[in-house]
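Trainee: no sequence on this one, just coordinates:
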């Protein structure tokens with residue numbers, strides 16, 4: 001059998017805390033930046049939609065660059081870990097910059113928004129891709145990867161929960177009636193807290209040598225490692241992050257205008273993070289169902305939750321709304337960690353089929369899917385607001401605007417997840433991964449033997 005290393009709890013928790021740090025800034029942006037731009041900084045929703053799409057496309061393009069750079073990084077600390085040390089402070093600082101409101105004319109505001117958002121996305125790419133790309137070097141066992149990723153996601157969700165629930169109260173408290181000041185100070189708090197978390201991950205995680213990972217892989221060679229199972233997970237990841245962004249950034253609008261209950265935003269945000277419960281269950285469920293079926297189960301539960309939200313919306317029932325959101329949170333908890341861990345399996349498969357191991361390139365490609373999904377989701381939500389004449393100065397929006405908000409919050413997620421559910425039926429790696437690892441072990445041993453004889 002191939003060698004399996006057990007990742008210690010100290011290392012698991014340190015790895016997870018890095019995702020807490022990442023989400024303190026990422027979730028702040030993905031959940032509140034649209035609202036901040038339209039209702040605080042005064043940029044039109046249509047302009048923001050275009051901004052989100054363009055910036056995410058540019059940002060996604062840097063993922064391939066980041067993967068290429070990671071594959072060629074050979075520091076004494078490893079390929080991935082040093083980026084936690086190098087970029088912790090810049091990531092926090094630019095996060096704060098993104099939520100500043102300099103007194104500029106309309107064009108100046110747009111230019112400032114583009115510049116700060118592009119820079120933040122670039123730094124996020126170079127600190128977040130290493131966090132994912134180091135997973136195959138932490139363990140070479142699929143179940144161990146599921147467990148490590150579940151721990152990571154639990155801590156990541158804790159970071160998201162803190163931001164989602166605490167942001168608006170912090171804005172109110174720190175801003176003392178000035179939302180622009182409140183958002184800047186709230187982001188400053190989250191940024192300061194994130195820095196030591198990244199440093200801790202740098203100190204207490206380990207990159208193990210299972211593969212010939214020091215070899216620099218040219219892009220033309222790395223492309224050979226792409227494969228159909230990878231493409232399926234790529235598409236699933238795109239859809240998940242499309243839903244994640246459009247649902248998160250529409251929450252404030254949906255509750256404020258469709259229900260007239262902006263006061264329950266923290267409650268709904270908290271229910272979204274019932275995902276944490278599912279993350280605790282993933283190691284047990286995957287042992288019974290496997291990664292693919294566990295993810296499909298979670299998607300079905302999430303779709304049912306969205307349908308309950310719809311019925312709650314038509315009857316103006318807060319209890320149904322809360323039940324639907326909670327159920328959706330439980331379902332979605334089974335999805336993201338498996339998307340990350342299954343990518344690791346497709347990297348093994350790519351090497352098995354092509355003889356090329358391009359960890360950074362394939363991970364950055366999958367992160368491109370996340371950025372692409374976020375870009376489309378962010379743009380679609382903002383464009384719908386603009387298309388149906390959203391006006392932040394009104395306390396009551398038109399019927400058409402309310403329908404557009406509902407479509408973003410309910411129906412876009414349903415449609416996206418049904419497509420993913422169908423695609424996952426064609427993913428078959430869970431049945432052959434053990435044999436893949438056995439073959440790779442034999443192949444690598446043969447290469448070593450030949451090298452010794454030479």
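Mentor: Good, I have the coordinates. Since the model is a prediction, treat every value here as computed from it, not as a measurement.
Trainee: give me the contacts around stretch 300-308.
Mentor: 320, 323-332, 334-335, 410-411, 413-414, 417-418, 421 (C-beta atoms under 8 Å, 6 or more residues apart in numbering). C-betas here are computed from N, CA, C, even on glycine.
Trainee: repeat that for stretch 124-133.
Mentor: 15, 18-19, 22, 25-26, 59, 62-63, 66-67, 69-70, 79-81, 83-84, 87-88, 91, 152, 198, 201, 340, 343, 359-360, 363-364, 366-367, 371.
Trainee: could I get the average pLDDT for it?
Mentor: Across stretch 124-133, the average pLDDT comes to 87.
Trainee: how far out from the middle of the chain is it?
Mentor: 11 Å (C-alpha atoms, centre = their mean, to the nearest Å).
Trainee: how far out from the middle of the chain is the helix ranked longest in the chain?
Mentor: Across the chain, the longest stretch assigned as helix under DSSP state H is helix 275-315. Relative to the centre of its chain, helix 275-315 is centred 17 Å away, using C-alpha atoms, centre = their mean.
Trainee: low-confidence bits of this protein, can you list those?
Mentor: 1-5, 60, 142, 209-218, 447-454 (pLDDT under 70).
Trainee: name the nearest residue to residue 59, ignoring sequence neighbours.
Mentor: Taking C-beta to C-beta, 6 or more residues apart in numbering, and ignoring the residues beside it in sequence, residue 59 has residue 121 as its nearest neighbour in space, at 3.6 Å.
Trainee: isn't the one you found right up against residue 63?
Mentor: No - using C-beta atoms under 8 Å as the test, residue 121 is too far from residue 63 to be in contact (9.8 Å).
Trainee: which residues do the two both contact?
Mentor: residue 371.
Trainee: who has more neighbours out of those two?
Mentor: Legend: neighbour count by other C-beta atoms under 10 Å for residue 121 and residue 63, higher for residue 63 (26 against 22).
Trainee: hang on, that one packs against residue 361?
Mentor: No - using C-beta under 8 Å, residue 63 makes no contact with residue 361, being 9.6 Å away.
Trainee: ok, then the element right after the one helix or strand residue 160 maps to?
Mentor: Residue 160 is part of helix 142-175 when elements are defined by DSSP states H and E. Sequence-wise, the next helix or strand downstream of helix 142-175 (DSSP H and E) is helix 179-204.
Trainee: who does the following helix or strand past that following helix touch, helix- and strand-wise?
Mentor: With elements assigned by DSSP H and E, the helix or strand that comes after helix 179-204 is helix 219-222. Where contact means 3 or more C-beta pairs under 8 Å, 6 or more residues apart in numbering; DSSP states H and E, helix 219-222 is packed against helix 359-387.
Trainee: off-centre distance for the helix it packs on?
Mentor: With C-alpha atoms, centre = their mean, you get 10 Å for helix 359-387.
Trainee: buried residues in it?
Mentor: 359-386 (16 or more other C-beta atoms under 10 Å).
Trainee: what do you get for stretch 138-145?
Mentor: Quick answer for stretch 138-145 (16+ other C-beta under 10 Å): 138, 139, 140, 141, 142, 144, 145.
Trainee: now for the residues you listed: which two are most distant?
Mentor: 138 and 142 (12.4 Å; C-beta to C-beta).
Trainee: ranges for the helices of the stretch 1-150 of the chain?
Mentor: 9-35, 45-71, 82-98, 106-133, 135-138, 142-175 (DSSP state H, counting those that start in this stretch).
Trainee: pull the distance from the third one to the chain's centre.
Mentor: By that I understand helix 82-98. With C-alpha atoms, centre = their mean, you get 17 Å for helix 82-98.
Trainee: hang on, the earlier thing: which positions in the helix holding residue 160 come out as buried?
Mentor: Buried residues in helix 142-175, counted by 16+ other C-beta under 10 Å: 142, 144-168, 170-171, 174-175.
Trainee: stretch 344-356 too?
Mentor: 344, 345, 346, 347, 348, 349, 350, 351, 352, 354, 356.
Trainee: swap in stretch 417-434?
Mentor: Counting neighbours by 16+ other C-beta under 10 Å, stretch 417-434 gives 417, 420, 421, 424, 427, 429, 430, 433 as buried.
Trainee: same thing with stretch 89-98?
Mentor: Applying 16+ other C-beta under 10 Å to stretch 89-98 flags 91, 92, 94, 95, 96, 97, 98 as buried.
Trainee: does the second one really touch residue 195, like I thought?
Mentor: Yes - here residue 92 reaches residue 195: they are 5.5 Å apart, a contact under C-beta under 8 Å.
Trainee: returning to what we had before: just give me the closest of the buried residues of stretch 417-434 to residue 186.
Mentor: residue 417 (31.3 Å).
Trainee: quick check: which element contains residue 412?
Mentor: Per DSSP H and E: helix 412-423 holds residue 412.
Trainee: name the helices or strands packed onto that helix?
Mentor: Using 3+ C-beta pairs under 8 Å, 6+ apart, helix 412-423 is in contact with helix 228-253, helix 275-315.
Trainee: show me what the first one is packed against.
Mentor: In terms of contacts (3+ C-beta pairs under 8 Å, 6+ apart), helix 228-253 is packed against helix 9-35, helix 265-272, helix 336-354, helix 359-387, helix 412-423.
Trainee: tell me the buried residues in that helix?
Mentor: 229-253.
Trainee: hmm, back to that, selecting buried members of the contacts of stretch 300-308 in ChimeraX, what would you type?
Mentor: Entered in ChimeraX, the line below selects the buried ones among these, by 16+ other C-beta under 10 Å:
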select :320,323,324,325,326,327,328,329,330,331,332,334,335,410,413,414,417,421
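Trainee: residue 261 touches residue 254, doesn't it?
Mentor: No - using C-beta under 8 Å, residue 261 is not in contact with residue 254; the gap is 9.8 Å.
Trainee: between the two, point out the one with more neighbours.
Mentor: Ranked by neighbour count (other C-beta under 10 Å), residue 261 and residue 254 place residue 254 first, with 22 against 16.
Trainee: contacts only, for the more buried one.
Mentor: 405, 406, 408, 409.
Trainee: farthest-apart pair in the residues you listed, please.
Mentor: 406 and 408 (7.3 Å).
Trainee: neighbour count: the two, which is higher?
Mentor: A direct count of neighbours by other C-beta under 10 Å for residue 406 and residue 408 places residue 408 higher, at 24 against 19.
Trainee: brilliant, that's me finished.
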